[in-house]
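Novice: Sequence and computational prediction follow.
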Amino acid sequence: MDTLFITGYKTQASIGCLDWEKFNKQLISIDISVDYDTNSAAATDSIHEAIDYTQIVSTLEEIINSQHFQLVETLANHLCQQLIAKFNLPSITLTLRKPQAIRGATAAGITVTRQHDHS
């Protein structure tokens with residue numbers, strides 16, 4: 001199994017429980033790693049056999065901009081579920097950081113790992 005990754009993707013999100021957070025977008029940073037078999041993509045040199053990371057980023061943006069999220073847990077879980085469903089991913093690990101969440105800290109956030117539910 002191989003790993004596709006996107007590290008340090010930065011965007012603005014409507015996220016947080018505090019009143020001011022509901023009206024002001026904040027910087028978030030996202031890391032994603034997806035384990036999948038790249039043999040077909042490598043053999044054919046075709047984007048159609050690979051996971052297109054530009055499409056992953058586009059999907060991230062669609063989801064992030066779709067609504068206000070109160071918790072990083074909710075947004076991270078929603079991103080994982082939607083990416084697994086849309087791209088038929090076997091599993092995904094996603095780290096979501098809010099760099100400005102805690103004064104004196106580089107960031108606060110969460111790392112979640114989700115797997116495709118084959119039921």
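Specialist: Noted; the coordinates are in hand.

Novice: Could you use CA atoms for every contact and neighbour count after this?
Specialist: Noted.

Novice: Tell me the pLDDT of residue 101.
Specialist: Listed pLDDT for residue 101 reads 86.

Novice: Check which helix or strand it maps to.
Specialist: For residue 101, there is no host helix or strand (DSSP states H and E).

Novice: That one against residue 107, yeah?
Specialist: Yes: using CA atoms under 8 Å, residue 101 is in contact with residue 107, at 6.4 Å.

Novice: Packing partners of the helix ranked longest in the chain?
Specialist: In the chain, with assignment by DSSP state H, the single longest helix is helix 72-87. Other helices and strands packing on helix 72-87, by 3 or more CA pairs under 8 Å, 6 or more residues apart in numbering; DSSP states H and E, are helix 53-64, strand 91-98, strand 108-115.

Novice: can you redo the ones you listed as TSV with mean pLDDT?
Specialist: TSV is the format used below for those (pLDDT from 0 to 100):
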stretch	mean pLDDT
helix 53-64	96
strand 91-98	97
strand 108-115	96
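
Novice: Which one, of the ones you listed, ends up nearest to residue 1?
Specialist: Evaluated with CA to CA, those place strand 91-98 nearest to residue 1, the distance being 11.2 Å.
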